[in-house]
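Novice: Compute the structure for the input listed below.
(2 chains)
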Number of protein chains: 2
Amino acid sequence: MSVREERYSKSETLELRRKLIGSSCRLFFSDDPIKIVRASGQYMFDDEGKQYLDCINNVVHVGYCHPVVVNAAHEQNQLLNTNARYLHDNLVEYATRLRRTLPEKLCIFYFVNSGSEANDLALRLARQYTKKNDIVVLDHAYHGHLTSLIDISPYKFRNLEGQKEWVHVAPIPDTYRGLYREDHSDPATAYASEVRKVLEDAQKKNRQIAAFIMESLPSVGGQIIPPEGYCQKVAEHVRTTGGVFIADEVQVGFGRVGKQFWSFQLQGDDFVPDIVTVGKPIGNGHPMACVVTTKEIAEAFTSTGVEYFNTFGGNPVSCAVGLAVLDVIEKENLREHATQVGKFLMELLNEQKNKHPVIGDVRGVGLFIGVDLINDAETRTPATEEAEYVIYRMKKEGIVLSTDGPGRNVLKFKPPMCFSMDNAKFVVEKLDIILKEIEKVSKSGTAM
Amino acid sequence: MSVREERYSKSETLELRRKLIGSSCRLFFSDDPIKIVRASGQYMFDDEGKQYLDCINNVVHVGYCHPVVVNAAHEQNQLLNTNARYLHDNLVEYATRLRRTLPEKLCIFYFVNSGSEANDLALRLARQYTKKNDIVVLDHAYHGHLTSLIDISPYKFRNLEGQKEWVHVAPIPDTYRGLYREDHSDPATAYASEVRKVLEDAQKKNRQIAAFIMESLPSVGGQIIPPEGYCQKVAEHVRTTGGVFIADEVQVGFGRVGKQFWSFQLQGDDFVPDIVTVGKPIGNGHPMACVVTTKEIAEAFTSTGVEYFNTFGGNPVSCAVGLAVLDVIEKENLREHATQVGKFLMELLNEQKNKHPVIGDVRGVGLFIGVDLINDAETRTPATEEAEYVIYRMKKEGIVLSTDGPGRNVLKFKPPMCFSMDNAKFVVEKLDIILKEIEKVSKSGTAM
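Specialist: Numbering: from 1, shown residues only, chains lettered A, B, ... in the order given. Presented below is the predicted three-dimensional model:
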């Protein structure tokens, strides 16, 4: 593999970027952005050859530039790329393979290009099936960049035109900082009852609920692990009012949580959503996504007589890439790996929690982990500034990490699945050093 | 290049497709669909080795599996694929290159994954900039499969819940079958006045117009060539009311029309849209699309303070593919080629028109051509059944063609740009034979 000479110096690239690309499209580390020129596995390299360990890119699921995935794309690209109006084996083979990972009821597939397109289609399916319009979402949720999804994303709409009358927001089932916490005897039931109240309030206003949508593990909300049994109870309430349950697995599917292929399965075998949306990791970076639903919902969508055509969705190259990703997950035993490495990383982080009072909570499953930084053990006030300091210091150490949560204080780990035990040790050692720096500054009374 | 053994027989593939894929996703020739296994240039090959000449796929713009494009994807896939939160040369180089094709005012770029995502973002930009909400569209238009776009696509919404109160429909500037025809002295002004009336009616109802959106050459509407000067006048009316002009170039950009790179440029140098959306041909089948706008509109979008992040949009692989497509268009002189072949095809089709009364109109520019089939020269009634017969007979002859227009009677040509003089001759020879069959049946009085 030949490494090309870079066309522009970093400062030229930055200048062109500022001139030509809408500035709503933000750079990481905007005051000193990184120019990445190549990557492999869990490592990225900048224009000066500096290595970065990537702790956050859940799109390059099986690792940057995985040769099995790259070669599958190239082989199919040389043979055929066209739309799904022709029969092709890759499309049906991919659906067949993905079906094996899902509960039997979820058996009809629609292929699209992004998680946003998937969530938008999920809303269309839900509305067509229920003949209702309103949507219930969790607070702080983000479901995508399209008009229809900004409308149902409190994370976004609170900063824009505000909440539409057809959107209803339920509290996030966060047992660390939410309404019901670790000391509650049954947070699953308590949080599900909050959804029921939202449904009842909506009905009192004659609003008709088409769907409840949530990320199976709320990510932007702060790397939240909903209490087991929550989704079953919510689904029951939502279905009673005639709505459906949409599980957004765009960030958290494909074995990230290790023991299960899908994060919604952490809730128990008795929970089956009506619609599941998948995206990011599905193609290891190739633009591809999918909606899965039941026969009944698919039939209601068909019954309108209106065709659904997605130009690139389900093309032979996307599906070849998707098949390769599934192969790698299986052959490299990445789910078991995520379980082991995730467990080890959680142990190391919990040791840090015992040493550093700024760590309020360490939560996670598999390679989906959040480290909740706080200023005060009693009030659990988000340590936003400290979290930002950690991120910038980590960057200097050659580690890319970032924050989530409404307080931007939760360090999030969702690395490529090849993230290793050694990587975990390395990151936590650096974290220890950085948190000591924070404590030193804090004790001396100086601002960071 | 090794041709893989097919995994399934055609009937098995079909059975799996029917079982697993939502039936709203329709197959071409649904009673006897084609299983395409490979393709090259303008030719596709089915599972039995039968060759099809493709007259309609405007996505594989420079030809199926073009080696320059395939190799660009492979080279970049081996090096790096990540999101646009890092600096990368491919993104800024692509924007630089595309900018050279556009009027100076159109200088800020947003990268997305599909024409639908591009049109959705265009609406968001227009609404944010104007602080208004309503949209004016042309009748029979189709702008994409997302919730926000179904709402503004008469082609779709007439079959669904109907027209939203914030959508306003203007007559399509069709000088063959529309309100003002070839005998009108100034159809550009007359059709633009229709838009003005729609704007005035909306304002009377206190509706606030954010944007007028049209395909620069309406495609689903029936391969329409708007009269020159129409867009300038419409833009003037729309801007007077405080709205912006969105040119949807998803189907018709990238030199398809030959003499101009963009179809809106056919209107004259004095016409510059406020927002342009591009898609399909941009990546020769790779999921990629783009929105281009002015500094003022981009700044208004930024001023909300809300980030726009598109996971796959503008990734280094997409941009490498996009650059390769631009290279091929230039190096193979495809715009000049489209002009020459398109002119020749139009001549041949006009000869057919003189011979066959079922051809009412032949219109087009470059390799965007429509053949309007009619039952009666006086009423210009769409010859829907005849058009369908042509499509099915062409298939037997190894030619993939299809129809557009509200009457599904316009044979549409928008082939890969490498479509040749010989291809043109071959298709028109077959068309002659098939139209004679139709006339024979018609004379004998039997139903087709």
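
Novice: What ranges does chain A have for its helices?
Specialist: In chain A, the helices defined using DSSP state H lie at A:10-20, A:67-79, A:89-99, A:115-130, A:147-150, A:154-157, A:187-204, A:230-240, A:295-302, A:316-331, A:334-355, A:384-396, A:421-444.

Novice: Show me the one of those helices that comes nearest residue B:41.
Specialist: In terms of C-beta to C-beta, the element of the helices of chain A nearest to residue B:41 is helix A:67-79, at 13.2 Å. For every residue, glycine as well, the C-beta is placed using N, CA and C.

Novice: Now for the spatially most central residue of chain A: which residues touch it?
Specialist: Centroid-nearest residue in chain A, with C-alpha atoms, centre = their mean: residue A:251, separated by 2.1 Å. Residues near residue A:251 by C-beta atoms under 8 Å, 6 or more residues apart in numbering or on different chains: A:58, A:115, A:215, A:217, A:219, A:279, A:280, A:414.

Novice: Would you mind listing what in the stretch 251-400 of chain A touches chain B?
Specialist: Proximity of the stretch 251-400 of chain A to chain B, by C-beta under 8 Å from any C-beta of the partner chain, involves residues A:279-280, A:284-288, A:293, A:298-299, A:301-302, A:304-312, A:314-315, A:317-318.

Novice: Any of the residues you listed buried? List them.
Specialist: The neighbour-count test (16 or more other C-beta atoms under 10 Å in any protein chain shown) applied to those identifies A:279-280, A:284-288, A:293, A:298, A:301-302, A:306, A:308, A:310-312, A:314-315, A:317-318 as buried.

Novice: Among the residues you listed, which lie within strands?
Specialist: Counting by DSSP state E, those place residue A:293 in strands.

Novice: For stretch A:104-118, buried residues please.
Specialist: Residues A:106-118 are the ones in stretch A:104-118 that count as buried (16+ other C-beta under 10 Å).

Novice: Can you list the neighbours in contact with the lowest-mean-pLDDT helix or strand in chain A?
Specialist: Counting by mean pLDDT, DSSP states H and E, chain A has its least confident helix or strand at helix A:154-157, which shows a mean of 86. Here helix A:154-157 makes contact (C-beta under 8 Å, 6+ apart) with A:137-142, A:150-151, A:163-164, A:167, A:169, A:220-221, A:406, B:306.

Novice: Looking at the residues you listed, which are in strands?
Specialist: A:137, A:138, A:167, A:169.

Novice: Pick out the most distant pair among those.
Specialist: Farthest pair in the ones in strands among the contacts of helix A:154-157, by C-beta to C-beta: A:138 and A:167, 11.5 Å.

Novice: So between these two, which is more surrounded?
Specialist: The residue with more neighbours, out of residue A:138 and residue A:167, is residue A:138; 25 against 18, by other C-beta atoms under 10 Å in any protein chain shown.

Novice: Kindly check the end-to-end length of stretch A:147-156 for me.
Specialist: With C-alpha to C-alpha, to the nearest Å as the measure, stretch A:147-156 spans 11 Å from end to end.

Novice: ok now that stretch, how far from the chain's centre?
Specialist: In terms of C-alpha atoms, centre = their mean, to the nearest Å, the centre of stretch A:147-156 is found 16 Å from the chain centre.

Novice: so which of the buried residues of stretch A:104-118 are also by chain B?
Specialist: By C-beta under 8 Å from any C-beta, the members of the buried residues of stretch A:104-118 lying near chain B are A:107, A:108, A:109, A:110, A:111, A:113, A:114, A:115, A:116, A:117.

Novice: The third one reaches residue A:95, doesn't it?
Specialist: Looking back up the chat, that one is residue A:109. Yes. Applying C-beta atoms under 8 Å, one finds residue A:109 in contact with residue A:95, separated by 4.4 Å.
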